[in-house]
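In: Sequence and predicted model, in that order:
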Amino acid sequence: MTTIIAFANQKGGVGKTTTAINIGASLAAIKRRVLLVDLDPQGNAGTGLGFIRAAHKQSVYPVIMGLGDAADNILSTAIQGMHIMPSSPQLSGAEVELLDMENREYRLRDALAPVLDHYDYILLDCPPALGFLTLNALTTANKLVVPLQCEFFALEGVQHLMSNVAEVQKKYNPGLEMMGVLLTMYDRRNKLSKAVEDDVRTTFGDKVFKTVVPRNVRISEAPSHGQPALFYDMTSPGAQAYLRLATEIVDAAGDNQKEEK
Ligand code: ADP
Ligand code: MG
C-alpha cells in the first residue's frame, strides 16, 4: 500500500515544505519511489527542487479541478526516484472554486487513485491554512505529520489543527492516522528550544518523532540552489537529521522492505 503523508500546520514558516522536500529526497535515496504534491499556491516545493514556476504547465490545479489527469501533471526531478506534481499561482483560486464543486472534499484523492501504484510514498505539502486544499490533503492521506517550529508559540493553533483532524477522521477519512509531530529549527544553544521540546513531548507522548531537526544554515541555503539539503551538503547536521527521520518514517509506515531495495 502506498503511504500517503500530509505535512500540515496552518501556521506558515514551520518547516512543512522543507520537511516534504528533504524527506522525499531521503526516501528516494533509500530507493523508495516518491511523489511530492505541492498544494501550496506559493509553490515553494517546486522552486526548492530547482523548477522555475512559469516554465512548466504541469500543476496540481487542473488535477484537482478535473481538467487534467494526474499522470500528465507529474514531472521528474533531478533526484532519481522522486517526482513532483508542482503548484501554480492559479491554485490560489482553487479554495474558492472548490466551494461549489461536487465531491469537493475528495477531488485530490480520486484524481491520484490511478497513479498510486507507481509510488511507495506520496508526500502532500499543504498550504498554511485549513481550507479546502488542506482538507483534500487530509482526505487523501493515510498519515499525518505536523511540523512544529521550536519557538515560543509553537503549540499555539495546534489544538485547533488537532480538532480539525479529529473531525476529518470522523466525517471523511477514518483511515487517517497521526504519524507524528516533528520538532524543527531546534537550537541547542537556546533554552527555549528545550522547553518547547519538553512541552510538546508531554502533550503528544510517543507521537513525537525522536529525531529533532536542528536549525541549520545548510537547510535554508539549499532551496536557493534548487536542491534538497541531502544533495547540497550531505554531511550537514540538517541533511543527517532528515535521513534519520526518514528511517523513523519508514518504520512508522510499517515499510519493511530492506533499506536498499
Ligand atoms: P512552511 O512550508 O511551513 O511555510 P518552510 O519549510 O518553507 O515552512 O520553512 C520556512 C523557512 O525556514 C524557509 O526559509 C526555510 O528555508 C527555513 N527553514 C526550515 N527549516 C529549517 C532548519 N531546520 N534550519 C534553518 N532554516 C530552516
Ligand atoms: Mg510551505
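Out: That came through fine. Since the model is a prediction, treat every value here as computed from it, not as a measurement. Ligands and ions are numbered 1, 2, ... in the order given.

In: need the contact list for residue 99.
Out: Residues near residue 99 by CB atoms under 8 Å, 6 or more residues apart in numbering: residue 132. To be clear about C-beta, it is placed using only N, CA and C from the backbone, and glycine gets the same treatment.

In: separation between it and residue 105?
Out: To residue 105, residue 99 is 11 Å away according to CB to CB, to the nearest Å.

In: Over to residue 247?
Out: In this structure, residue 247 and residue 105 are 33 Å apart, going by CB to CB.

In: When those two are compared, which one has more neighbours?
Out: A count of neighbours by other CB atoms under 10 Å puts residue 105 above the other of residue 247 and residue 105, at 18 against 14.

In: Can you name the residues that contact that one?
Out: 132, 135-136, 139, 172.

In: Sort out for me which of those residues are in helices.
Out: The subset of the contacts of residue 105 located in helices under the criterion DSSP state H comprises 132, 135-136, 139.

In: Would you mind listing the buried residues in stretch 45-63?
Out: Within stretch 45-63, the residues that qualify as buried are 45-49, 51, 58-63, counting by 16 or more other CB atoms under 10 Å.

In: how about it, does it reach ligand 2?
Out: No - contact check for stretch 45-63 against ligand 2, using CB under 5 Å from the ion: none in range, with a minimum separation of 7.0 Å.

In: and if you look at stretch 124-141?
Out: No - in this structure, stretch 124-141 remains apart from ligand 2 according to CB under 5 Å from the ion; the gap is never smaller than 6.0 Å.

In: what's the first-to-last distance across that stretch?
Out: With CA to CA, to the nearest Å as the measure, the ends of stretch 124-141 fall 8 Å from one another.

In: For that stretch, the averaged confidence score.
Out: For stretch 124-141, the mean per-residue pLDDT is 97.

In: now stretch 12-30
Out: Rounded to a whole number, the mean pLDDT of stretch 12-30 is 97.

In: now do stretch 146-165
Out: Rounded to a whole number, the mean pLDDT of stretch 146-165 is 92.

In: hmm, it in reach of ligand 2?
Out: No - with CB under 5 Å from the ion as the criterion, ligand 2 is not reached by stretch 146-165; the gap is at least 9.5 Å.

In: what's the answer for stretch 30-38, then?
Out: No - figure legend: stretch 30-38 not in contact with ligand 2 (CB under 5 Å from the ion); closest approach 8.5 Å.

In: And ligand 1, is that stretch touching that?
Out: No - in terms of CB under 6 Å from any ligand atom, no part of stretch 30-38 sits within range of ligand 1; the closest distance is 10.2 Å.

In: And that stretch, end to end?
Out: Using CA to CA, the end-to-end distance of stretch 30-38 comes out at 22 Å.

In: can you check stretch 75-94 too?
Out: Here the two ends of stretch 75-94 are set 21 Å apart, with distance taken as CA to CA.

In: does any part of it sit near ligand 2?
Out: No - when contact is scored as CB under 5 Å from the ion, no part of stretch 75-94 falls within range of ligand 2; the minimum is 9.8 Å.

In: switch to numbering from 35
Out: Yes, from this point I'll number from 35; that puts the last item at stretch 109-128.

In: List the buried residues of that stretch.
Out: When burial is assessed from 16+ other CB under 10 Å, stretch 109-128 yields the following buried residues: 111, 113, 115-122, 125, 128.
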